[in-house]
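Enquirer: Any chance you can model this:
(chains A and B)
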Amino acid sequence: MPATETVTGTFTPPTRFAVPGRIEVGSRAAGRWQTATLTAIRRETPRAATFRFAVPEWAGHLPGQHLMLRLTAEDGYTAQRHYSIASAPDDSGHIELTLDHVEGGEVSGWFHTVARPGDRVEVRGPLSGFFAWPGDRPALLIGAGSGVVPLMSMVRHHRARGLTVPLRLLVSARSPEELIYAREYGPETTPVLTRSAPEGVPVGRLTAAHLAPLMDDRPAGGWEAYVCGSNAFAEHASRLLVAAGQPVDRIRVERFG
Amino acid sequence: MTPDPWAAARSGPEGTTRMNITRGFTGRPRVSDPGLPPGQYDAGDDWPVLSAEVTPDLAAADWTFRVDGLVERETTWTWDEAHALPASAYRGDIHCVTGWSKFGVRFGGVLLDAFLDAARPLPSATHAVAYSHTGYTANLPLADLTGGRAWIAWEYDGRPLDPEHGGPARLVVPHLYFWKSAKWIAGLRILDHDEPGFWERNGYHARGNPWQEQRYAGD
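Expert: Numbers count the residues shown, from 1 in each chain, chains lettered A, B, ... in the order given. Below is the predicted model:
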C-alpha cells in the first residue's frame, strides 16, 4: 500500500477514516466538573428512567454527544460513567439522561433506587464530536435498547427546530413495554420488536428487509448512518448497512458494554 | 506504605480538597488495588468493544504493517514477514478512558522495537501517528512506542485476536489509555512533531496517561 503524500503537512492515512469528526470540540467545557441538580425523574420502561438535571452553566451540546457523570461517596470514593444526552439542545439550562438500571451497576443502581429531586451529582461535558449530528445532513438512525438515547436527542432536535432534512429512526426493543420513548415516536420511526409485539405486528430482530425501504428511499447524496447499541447489535446493524450499500465511511457506531 | 488510591479523587485540579458528596451513594466494595489508576474500575471478565467504525473484514493474508515518514528505511511487512520477527508477549493490565481496566491480560506478537530497529527513525523523529486499515488514527510520542513498552499483537490469551478487538493485528501500548492502541493497525507515520489523531481531535488528551488521569484535553 503506497503511503499517502500530504500537501498540507497534516498526515492523512491511506484509508479515509470511517468516521470523520463532525465538529470541533472545545476543550474548555469538557475540562471542568459542574454540579448538576436532579429536578425530575420520569419512568420510561420497567428498566429505564429519564433523569432531568439543572445545569445552569451548561455550555450546550449537539444531538448525539455524551457527558461524563461522577458520584462521590463519603470516603471520597468516586465512580464515573459516560452517558449519552437524551434531550435536544435548548436554552433551558437543563439536560436529560435516560439510564437503564444495570444489574449490579453502582451508578445506575444509585439513580434507580436512591436518587430523588434535589440530589446533586457532577458532570463534565459535552464530550466527543464524532457521533454528533448538527442537523445538516440526512440521517438514518438505528438503535437498540438504551442505544436509542443519543438518537432521540437527534429526533427531538429535528422536531424542535422544524428541520426539513430527512431523518429516519429504526429502534429495536424486546417488547412494547421495553421500548423507550414509545409515546414520542412519529412517522419517522419504525420500531422493531424482537420478543413480543401486539397482535398483527411482526416479531423478530432487525433484518435487511427493515433497511431495504429506507435505502431505496435515500435522499440525493445518501444517508449519514448512526448506529448505537450493544456491541452485538452494533456489529449486526453495521453489517446490514454495509450489505445494503451504505458506504462504510458514512456509518458512525457508538457501542456500549 | 500503600499509596492512598482515592487521594487523587479527593483533590481538585488545584490540589485542594474538594468533596462533592453524593447523598446516599456508597459505591461498590472498596478494592484498594494499587494496580487501578484513579477513576477506573475493574471490568473483570468483560472486555467492552468501543470502536467508532464498522469492524473491517480484513484477512491476515491481506494485512500489512508499514513504518514510514522520518525513517532511514521505509518498510512494509506482510503477515508472514512480521511473524518472522522475534516473538514477544505482554502480560499485565489495560485501561480504557471510559473507566474500565482489565487485569492480567495476555497479548502475543512482536515488540514494536523490532520494526523500528529495522526502519531506523531519524534523529529528528519525536512522534508518530499510528493508523489503522480503517483509517483510524492515534498520535503518540515516539518514547512511548520504544524501549519494550509497545507491541504489534495478533494473539490474545494464546488465540488469534478477534476482529472486533482489532484482529488480525493491533497496536498495544498498555501504559496509556487503550484508545492509543489502534485496532487493525496498518502503520506508523514517524514525525518530528505531534499531530492529533481521531479522538485527540475530538477533545481527548494528547498523551492519555491513566496514572495522571489524562482523559480529556486540558487534564
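
Enquirer: quick one: contacts for the residue positioned nearest the centre of chain B?
Expert: Residue closest to the average C-alpha location in chain B (C-alpha atoms, centre = their mean): B:Ser181, at 3.1 Å. The contact partners of B:Ser181, taken as C-beta atoms under 8 Å, 6 or more residues apart in numbering or on different chains, are B:94, B:138, B:166, B:170-174. Every C-beta, even on glycine, is put in place using the N, C-alpha and C of the backbone.

Enquirer: Among these, which one has the most neighbours?
Expert: B:Leu171 (29 neighbours; other C-beta atoms under 10 Å in any protein chain shown).

Enquirer: contacting residues for that residue?
Expert: By C-beta under 8 Å, 6+ apart, the residues touching B:Leu171 are B:112, B:130, B:138, B:150-153, B:180-183, B:185.

Enquirer: Including secondary structure and pLDDT, could the contacts of B:Ser181 go into a markdown table?
Expert: Shown next, in a markdown table, are these (DSSP: H, G, I helix; E, B strand; the rest coil; pLDDT from 0 to 100):
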| residue | secondary structure | pLDDT |
| --- | --- | --- |
| B:Ile94 | strand | 98 |
| B:Ala138 | strand | 97 |
| B:Gly166 | coil | 98 |
| B:Arg170 | strand | 98 |
| B:Leu171 | strand | 98 |
| B:Val172 | strand | 98 |
| B:Val173 | coil | 98 |
| B:Pro174 | coil | 98 |
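
Enquirer: follow-up on the earlier one: how close does the residue nearest to the centre of chain B sit to chain A?
Expert: Applying C-beta to the nearest C-beta, to the nearest Å, one obtains 16 Å for the distance of B:Ser181 from chain A.

Enquirer: What is the subsequent helix or strand relative to the longest helix along chain B?
Expert: Longest helix of chain B, by residue count under DSSP state H: helix B:112-119. Using DSSP states H and E, the helix or strand that follows helix B:112-119 in sequence is strand B:127-132.

Enquirer: Looking at the contacts of B:Ser181, spot the one nearest B:Ala119.
Expert: The closest of those to B:Ala119 turns out to be B:Leu171 (C-beta to C-beta; 15.1 Å).

Enquirer: Would you mind measuring from the closest one to B:Glu195?
Expert: Computed as C-beta to C-beta, to the nearest Å, the B:Leu171 to B:Glu195 distance reads 16 Å.

Enquirer: ok, back up a step: compute the inter-axis angle for the longest helix of chain B and strand B:127-132.
Expert: In terms of direction (axes from the mean of the first three to the mean of the last three C-alpha atoms, to 10 degrees), helix B:112-119 departs from strand B:127-132 by 110 degrees.

Enquirer: can you list the residues that contact helix B:112-119?
Expert: By C-beta under 8 Å, 6+ apart, helix B:112-119 touches B:65, B:67-68, B:71-75, B:77, B:82, B:85-86, B:88, B:145-148, B:150-152, B:171, B:188, B:190.

Enquirer: In PyMOL, select just the buried ones from those residues.
Expert: Here is the PyMOL command that picks out the buried ones among those, judged by 16 or more other C-beta atoms under 10 Å in any protein chain shown:
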select buried, chain B and resi 65+67+68+71+75+77+82+85+88+145+146+150+151+152+171+188+190
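
Enquirer: Cross the contacts of helix B:112-119 against strands and list the overlap.
Expert: B:65, B:67-68, B:75, B:77, B:88, B:151-152, B:171, B:188, B:190 (DSSP state E).

Enquirer: Strands along the stretch 151-257 of chain A, start to end?
Expert: Counting by DSSP state E, counting those that start in this stretch, one finds strands in the stretch 151-257 of chain A at the ranges A:167-173, A:189-193, A:224-230, A:251-256.
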